[in-house]
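[1] generate coordinates for the sequence data below:
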Amino acid sequence: MAEKKQTENALEQANALQLVVTKNITGVLETNIAGLELYVDEKLKSYTPETYLGDADAAKKDRAELNNAQKLLSQSRIQLMKELMKPYADFEARCKTLEKKIGEASGKLDEIVKAKEAEEKRAKEAHVNELWLSKKFDVVPLEKVFNPKWLNKTTKESDISAEMDAIIKRIYSELKIIEKYGDDAETLKAHYLMCLNISDTMDYGEELAKQREAVAKEKAEREAREHGEQIEKQRAEVREENARKIQDAPIDRLAQAALGIEKPAEEKAVEYVVTIRIKPSEVNEVKSLLTSNGIEYVSFERLDF
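    Residues are numbered from 1 along each chain as shown. Next up is the predicted model:
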């Protein structure tokens, strides 16, 4: 019954606002345009270019008359059109005024409607938040997975809950995939939890692997270069020491002869602290080398930097 009454009111309102033309003679406009057409067509026969051959002054004078006649006809047409259109302009202005009044009334009611809708959305949002908390899933905040459609009146709570469950299942599944990436797993997890995009995360993992390879290559090349430079430095030191010994040998023998020393005293063994850089697999070889040359060593301690 209420629905029928509402329909009747709507029809009544539509009829009340229906514009009705009470008098209009469509297509009828009585003017002297036909007479003007005959008059102008006849008069223009006197203004053909052949009439003014060799008489530019007359052509100039009559041209001015024609321009003035054109101007007068144009002004008359414009003024007449304004008068003819005035009723339509007034009609349009009054319609627009009515439309504005109706719009203003609707706008005031719209504020009430929107305030109510905003209140309902806040309540729905609070309920959605409680539903998310009930999932006991704090790996990512609700803001990361929030879907604005959850606030729609037509969206059921069961649908929202099911969608949340699907999101949680997907995140757990994709985190397990990331865990297979070994050393980079934690870094990739952090990246994934920021974007929640497994494809983007995999691309990031590939970039990390490329960067690690580049770093390892640079380190290996640098260590090889530094090792070569150190070995060359050691060789230079050995060469310098051998040259010094060869140079000092005659002088040492002359000094011993002058002092009556027939046999030089045997050198006493002293302790040296030497730091060498070798591979763990080469330690035993170095020990064997020292031992075969009669050189004592106390211990080999590994230095970790």
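
[2] pLDDT below threshold where in this protein?
    1-29, 248-267, 305 (pLDDT under 70).

[3] how about the helices in it?
    Ranges of helices within the chain are 2-16, 33-44, 56-133, 142-145, 157-178, 185-195, 198-258, 283-292, based on DSSP state H.

[4] which one, of those helices, ends up nearest to Val274?
    For the helices of the chain, distance to Val274 was read as C-beta to C-beta. The smallest value, 10.3 Å, belongs to helix 283-292. Placement of C-beta: from N, CA and C, glycine included.

[5] need the contact partners of that closest one.
    276, 278, 296-297, 300 (C-beta atoms under 8 Å, 6 or more residues apart in numbering).

[6] report the buried members of those residues.
    Neighbour counting over those (16 or more other C-beta atoms under 10 Å) leaves no buried ones.

[7] just give me the closest of those residues to Arg94.
    Ile278 (103.1 Å).

[8] can you name the residues that contact the closest one?
    Val286.

[9] hmm, back to that, among the contacts of helix 283-292, which two are most distant?
    Ile278 and Glu296 (18.7 Å).

[10] so what's the residue nearest to the spatial centre of the chain closest to, chain neighbours aside?
    The centre of the chain sits closest to Cys195, judged by C-alpha atoms, centre = their mean, with a distance of 12.6 Å. Distance criterion C-beta to C-beta, 6 or more residues apart in numbering; nearest residue to Cys195, sequence neighbours excluded, is Thr201 at 6.8 Å.

[11] for that neighbour, give me its contacts.
    Thr201 touches 174, 178, 188, 191-192, 195, counting by C-beta under 8 Å, 6+ apart.

[12] ok so, going back, which of the contacts of helix 283-292 sits closest to Tyr47?
    Using C-beta to C-beta, the contacts of helix 283-292 come closest to Tyr47 at Ile278, 116.6 Å.

[13] look up how far Asp184 lies from the nearest residue to Thr187 once chain neighbours are set aside.
    Leaving out its chain neighbours, the residue that sits closest to Thr187 by C-beta to C-beta, 6+ apart is Leu208, at 6.7 Å. Distance of Leu208 to Asp184, given as C-beta to C-beta, to the nearest Å: 5 Å.

[14] before we move on, what about Glu221?
    In terms of C-beta to C-beta, Glu221 sits 23 Å off from Asp184.

[15] what about those two, which has more around it?
    Taking other C-beta atoms under 10 Å, Glu221 and Asp184 do not tie; Asp184 has more neighbours (16 against 10).

[16] got a list of what that one touches?
    So Asp184 contacts 205, 208-209 (C-beta under 8 Å, 6+ apart).

[17] just the buried residues from these, in PyMOL please.
    Command for PyMOL that selects the buried part of the contacts of Asp184, burial taken from 16+ other C-beta under 10 Å:
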select buried, resi 205+208
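
[18] adding distance to Asp55, write the contacts of Asp184 out as CSV.
    Below are the contacts of Asp184 laid out as CSV (distance: C-beta to C-beta, whole Å):
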residue, distance to Asp55
Gly205, 95
Leu208, 95
Ala209, 97
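
[19] and of the contacts of Asp184, the nearest to Pro148?
    Gly205 (31.1 Å).
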